[in-house]
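*Asks:* I need the structure of the sequence given here:
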Amino acid sequence: MRYQSEQIAVPGQQTGTAEFREYILDPVRVAPERLRPAVIVCPGGGYWFKSDREAEPIVMQFLAMGCHSFWLDYSVSPENHFPVSLWETAKAVAEVRKHSGEWLVDPEQIYICGFSAGGHLACSLGMFWNRRFAYEPLGLTAEQVRPNGMILGYPVISGGEFAHRDSFKCLLGEEGRKLTAEEYFRRYVGSLTGESGEAYALDAAALSENAARNRSAAPSAACPDPAEAERRGTMEEVMSLELQVSEASPRAFVWHTFEDGAVPVENSIMLAAALRRCGVNVELHIFPKGGHGLSLANAETSVPESAQLMPAVQEWIPLVRAWIDGWR
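*Replies:* Numbering: from 1, shown residues only. All right, here's what the predicted structure looks like:
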């Protein structure tokens, strides 16, 4: 195996470049030209830190499955806000695709994997890869930054009733989350790219329209959140990724626990339902026991005798391996 690290620079980084760690498997003699899947891991941490429990231990599991594996030390708050970490993630995908021939990566099997808020980041690229603002400021094309699939563990998805509210505050800023998409893009995205305030106005409008359309298509909640009306049209709603699903969204493997008290399981259920409505293939697993942030749910990522040690939840590892193999 070859290990190397490089720095990813994108517009607007306030705390320096993002580190991209690359674990590239050597070819085996019996199949020296075999192309392998690649998995890029985004640890969780509420968009204000990155959990080491969801970084290299996850990478090691994907390496054991025969996948090249990577992890991105992306930029977080309080200095960095959307879309800086999205641009870093897009550039990481483009870097893997660029070197697919050299590294023997299957260019149709480049997966973005995230946990908790890292799941929101991974899913954001899945929803926005074909929007101009996601690739054009990087000098890239939509096809270069497109993930072929998403692997999401207990992901933050919704900014609505079941939101992990602190993740959205860190992602967008306390003020930014209350702005409309048009206001946010004019005030922040344009300034980060050095473009005029109207450079990505069409993207902002499209995101708002998509959120409104998907909200109307989703089943009505039996007991709607009274604050929901106040969030309509804001960036907090626009970044509710179940409202940004389209036919262009990549296939997904999603897992969660029923007892998650930090990021409710409804986040994964609503995303899976939205993918289903758009005809996007999704595999969803809900484990009956276990709290938030379980990672591998084994001794490697758990305090001894803690609630993070959940043998039943460890089954997500062979399940995702079978899911990846099924798409080879």
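*Asks:* Residues in contact with the helix or strand of the chain with the lowest mean pLDDT: which ones?
*Replies:* Lowest by mean pLDDT, DSSP states H and E among the helices and strands of the chain is helix 228-231, with a mean of 78. Outside helix 228-231, the residues that touch it by Cβ atoms under 8 Å, 6 or more residues apart in numbering are G159, G160, E161, E237. C-beta: built from backbone N, CA, C; applies to glycine.
*Asks:* Which member of those residues is positioned nearest G153?
*Replies:* G159 (19.2 Å; Cβ to Cβ).
*Asks:* Report the separation between that closest one and H99.
*Replies:* 35 Å (Cβ to Cβ, to the nearest Å).
*Asks:* ok, back up a step: farthest pair in the contacts of helix 228-231?
*Replies:* Those two in these that are separated most widely, counting by Cβ to Cβ, are E161 and E237, at 11.4 Å.
*Asks:* and those two? which has more neighbours close in?
*Replies:* When E161 and E237 are compared for neighbours, E237 comes out ahead with 25 against 16, by other Cβ atoms under 10 Å.
*Asks:* Do I have it right that that one meets N214?
*Replies:* No. Under the criterion of Cβ atoms under 8 Å, E237 makes no contact with N214, lying 10.3 Å away.
*Asks:* Now the common contact residues for the two.
*Replies:* When Cβ under 8 Å, 6+ apart defines a contact, the residues bordering E237 and N214 alike are L243.
*Asks:* If you count surrounding residues, which of G159 and H99 has more?
*Replies:* Per other Cβ under 10 Å, whichever of G159 and H99 has more neighbours is G159, with 27 against 15.
*Asks:* Can you find which helix in the chain contains the most residues?
*Replies:* Determined from DSSP state H, the single longest helix within the chain is helix 201-217.
*Asks:* how about the helices of the stretch 151-300 of the chain, start to end?
*Replies:* 165-172, 181-184, 190-193, 201-217, 228-231, 235-238, 266-277 (DSSP state H, counting those that start in this stretch).
*Asks:* go on, the stretch 1-150 of the chain?
*Replies:* Along the stretch 1-150 of the chain, counting by DSSP H, counting those that start in this stretch, helices occupy 56-64, 84-98, 100-103, 117-128, 132-135, 142-145.
*Asks:* which of the ones you listed is buried the deepest?
*Replies:* Compared across the helices of the stretch 1-150 of the chain, helix 117-128 shows the largest average neighbour count, a mean of 28 (mean count of other Cβ atoms under 10 Å).
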